[in-house]
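A.B. asks: Make a model of this:
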Amino acid sequence: MKNNKIIGVSPFLIVILSLIIGCQGGPEGTIQKEDINTDSWPGKVEKALGQLSDSVMLDSQIVAFMVDRKFTQKWGYRYLNEPEFKKLIHAHFDSLRYEGLPVDAVLMDFLKRQTKATDDVDYIDENSAILIDVALSHAILACKIWHDWSFFNPTEYVKIFKSKALLRVKSPNYLDSISKLDISGFVKREKVDPEYRRLIEEFKKVYNQAKDTFDSPTDNLKRTLVLGDSSARLKLVKIRLQQLGYGPFGKLNAQFTNQLKEQLQKWQSDNGMSDDGKLGYASDEKLFLGRSKKLQKLALALDRQRWLRQFKVGSRYVWVNLASARVNLVSTNPQISFSTCSGRRPDDKSDMRTPQLLSIVNYVLAYPYWVAPTSIGSKELFPAVRKDHGYLAKHKYELVKDGVVISDSTVDWKSLNSRNLPFYFRQTPGLHNALGLMKFNIINDMSIYMHDTPSKGAFKNSYRWVSHGCVRLEQPLEMAKFLLSENNEKDIRIPEIVYGKRKRTATDTFSGHQSIRIMLKKPVPVLFDYRCAWFDDSVNKFEYSCDIYSYDEALIAEAKRRGWIFAY
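C.D. replies: Numbers count the residues shown, from 1 in each chain. From the prediction side, this is the model:
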């Protein structure tokens, strides 16, 4: 699908309205509605499409659909006078706004008015009836394409930002999916997706709230702003704080003053945030989180949920939300949720964002070695060792060359540089290890996995995007128990022994800090997703997070480039 855009409305409406004007009272050239013979439409529909081709942009899917049906379209006008059909189509158009779909409101309103207008007239021009039919068919098909496959399919995600969908699925066959012309089935499509339904309900709730009375920044915060900084954003911050009852400020300028710091600290304290008096990502997000911003986040969350439905992840899977730095262990039982640490925000030097992916966890590794990636070995560890020759022993690293551990005393460190290292760095298993006591392997070609960490303090912070790209887990034992729940008792005991929850017995054959690979009896799907709006089961309400990786910002810009404006 190369182009999902609805018919260009202005010229399309001009064509249709010019055909309809003057036909409401039965002038010459019109016929009674019941006398319209739709069996004669194929040639006329083909001719109408030819007339429209120069003035409007027709989606290739609707043209293909019409050709496939030999131009015997007639599903719109055919049912136009049936009360049940009209009820369904009206409900469908009304519901689209709550699904965050970028449908053209003008076209939707036009089609609704036309279905209503047929109640009041006895005569209609046949060409007008054909064009109304084409418009209705095109609108419903375009909406179905969006609904079935989202605005941005997985290949487009890769182009727009760092991501990879590792389990591929075929694009749905749109022609087959509506060949039965089952409008009622299409309208009732959402009764089987509870997560989608929750998103729609939240969208509806926010949509019906009063519109924002404040101006928000048009871009994401790029860095934390502190006392003494200057930024045009700070003027909006002062105005917003005044609206919320903080201040007043003597000057609404772009300077970060002592008064702004004091008032920001008061607002942070009143809202249960760290009152550091800095404008960080969390403070900026909460300060400007209004109706418009929530609806944008929900619209993109709905889109991602539509995309996710194309993949058969089942009822038991791991869902990591990179935007909230949280992981959910999803099953038929109550969900377990806890914090994660994900990849860092990109800067001018590097991009360590954790990629979006969909794959499977295939084994758990207890007491893992950590092999430092080449980039970390050359840029961080090598300079540290040259500066302090005791660094390797202090942090329990080994040097491995051609699969064999070598002594650091045999290395001529002065003759080496970061680009020609003949060995790699490997950290021995134990509490000191960068991976902690557990690693959870994910099948992918980006060296991305989940793991324990000796740095537990980071999980207490609201800002947890601090890793090199992999995902650190606050509760690795819970993850191990979830993944191994279908393995035998011997396998399930190992993580509990590793974390001191069970004592070792004679039947437990491993010793010390020996690395143990436990293959999952049934691999578990894992989704690294990115949603700035999600339902948090632990607190039973919707939560919103900042667009930490600027992925939503990139998607909104792309949507606007395509002409899909999020006008809420």
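A.B. asks: Hmm, Leu365 and Ala514 touching each other?
C.D. replies: Quick fix: residue 514 is Gln, not Ala. No: with contact defined as C-beta atoms under 8 Å, Gln514 does not reach Leu365; the gap is 11.3 Å. Glycine gets a C-beta too; all of them are placed from N, C-alpha and C.
A.B. asks: Could you check which of the two is surrounded by more residues?
C.D. replies: In this view Gln514 and Leu365 are compared by other C-beta atoms under 10 Å, and Leu365 has more residues nearby, 19 against 10.
A.B. asks: and Leu260, how many residues sit next to it?
C.D. replies: Around Leu260 there are 23 residues (other C-beta under 10 Å).
A.B. asks: ok, and the closest non-adjacent residue to it?
C.D. replies: Computed as C-beta to C-beta, 6 or more residues apart in numbering, the closest residue to Leu260 that is not its neighbour in sequence is Lys238, at 6.3 Å.
A.B. asks: Can you check the pLDDT for the nearest residue to Lys266 once chain neighbours are set aside?
C.D. replies: Once flanking residues are discounted, Lys266 sits nearest to Tyr246: 6.0 Å by C-beta to C-beta, 6+ apart. For Tyr246, the model assigns a pLDDT of 95.
A.B. asks: Just the buried positions in the longest strand anywhere in the chain, please.
C.D. replies: If you go by DSSP state E, the chain has its longest strand at strand 516-529. By neighbour count with 16 or more other C-beta atoms under 10 Å, strand 516-529 contains the buried residues 516, 518, 520, 524-529.
A.B. asks: How much space separates the nearest residue to Asn488 once chain neighbours are set aside from Ser485?
C.D. replies: Closest residue to Asn488 apart from its sequence neighbours, by C-beta to C-beta, 6+ apart: Lys521 at 7.7 Å. For Lys521, the distance to Ser485 equals 9 Å [C-beta to C-beta, to the nearest Å].
A.B. asks: Same question for Leu399.
C.D. replies: Plainly put, Leu399 is 39 Å away from Ser485 if you go by C-beta to C-beta.
A.B. asks: of the two, who's got more company?
C.D. replies: Set Leu399 next to Ser485 and count neighbours by other C-beta under 10 Å: Leu399 wins out with 19 against 16.
A.B. asks: how about the more buried one, what does it touch?
C.D. replies: Counting by C-beta atoms under 8 Å, 6 or more residues apart in numbering, Leu399 touches 392, 405-408, 411, 423-426.
A.B. asks: Looking at these, state which has the most neighbours.
C.D. replies: Phe425 (23 neighbours).
A.B. asks: out of everything not next to it in sequence, what's closest to that one?
C.D. replies: Leaving aside its sequence neighbours, Phe425 sits nearest to Ala372 (C-beta to C-beta, 6+ apart; 4.3 Å).
A.B. asks: contacting residues for the residue nearest to Asn488?
C.D. replies: 486-488.
A.B. asks: which one of these sits closest to Ala384?
C.D. replies: Asn487 (39.4 Å; C-beta to C-beta).
A.B. asks: Ile360 versus that closest one, what's the distance?
C.D. replies: Counting by C-beta to C-beta, the gap from Asn487 to Ile360 is 15 Å.
A.B. asks: try Lys235
C.D. replies: 49 Å.
A.B. asks: ok, now Asp284?
C.D. replies: Applying C-beta to C-beta, the value for Asp284 to Ile360 is 37 Å.
A.B. asks: for Thr213, same thing?
C.D. replies: 48 Å.
A.B. asks: Of the two, which one has the most company?
C.D. replies: Legend: neighbour count by other C-beta under 10 Å for Thr213 and Ile360, higher for Ile360 (19 against 8).
A.B. asks: Quick one: residues contacting that one.
C.D. replies: Counting by C-beta under 8 Å, 6+ apart, Ile360 makes contact with 167, 442-443, 523-526.
A.B. asks: residues near Gly457, how many?
C.D. replies: 8.
A.B. asks: in a helix, that's where it is, yeah?
C.D. replies: Yes: the assignment for Gly457 (DSSP: H, G, I helix; E, B strand; the rest coil) places it in a helix.
A.B. asks: pLDDT weak spots in this structure?
C.D. replies: Filtered on pLDDT under 70, the chain yields the residue ranges 1-96, 102-192, 309-310, 348, 504-512, 562-568.
A.B. asks: According to the record, where do the domains of it fall?
C.D. replies: 152-169+312-368+433-531, 370-428 (automatic domain parsing).
A.B. asks: Deepest in the core, which of these is it.
C.D. replies: domain 152-169+312-368+433-531 (a mean of 18; mean count of other C-beta atoms under 10 Å).
A.B. asks: tell me which element Glu398 falls in.
C.D. replies: strand 397-401 (DSSP states H and E).
A.B. asks: what lines up beside that strand in the sheet?
C.D. replies: Paired strands of strand 397-401, with direction, are strand 404-406 (antiparallel), strand 424-427 (antiparallel) (DSSP bridges).
A.B. asks: Dump those into a markdown table; add distance to Lys349 as well.
C.D. replies: As requested, these are exported to a markdown table (distance: least, C-beta to C-beta, whole Å):
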| stretch | distance to Lys349 |
| --- | --- |
| strand 404-406 | 31 |
| strand 424-427 | 21 |
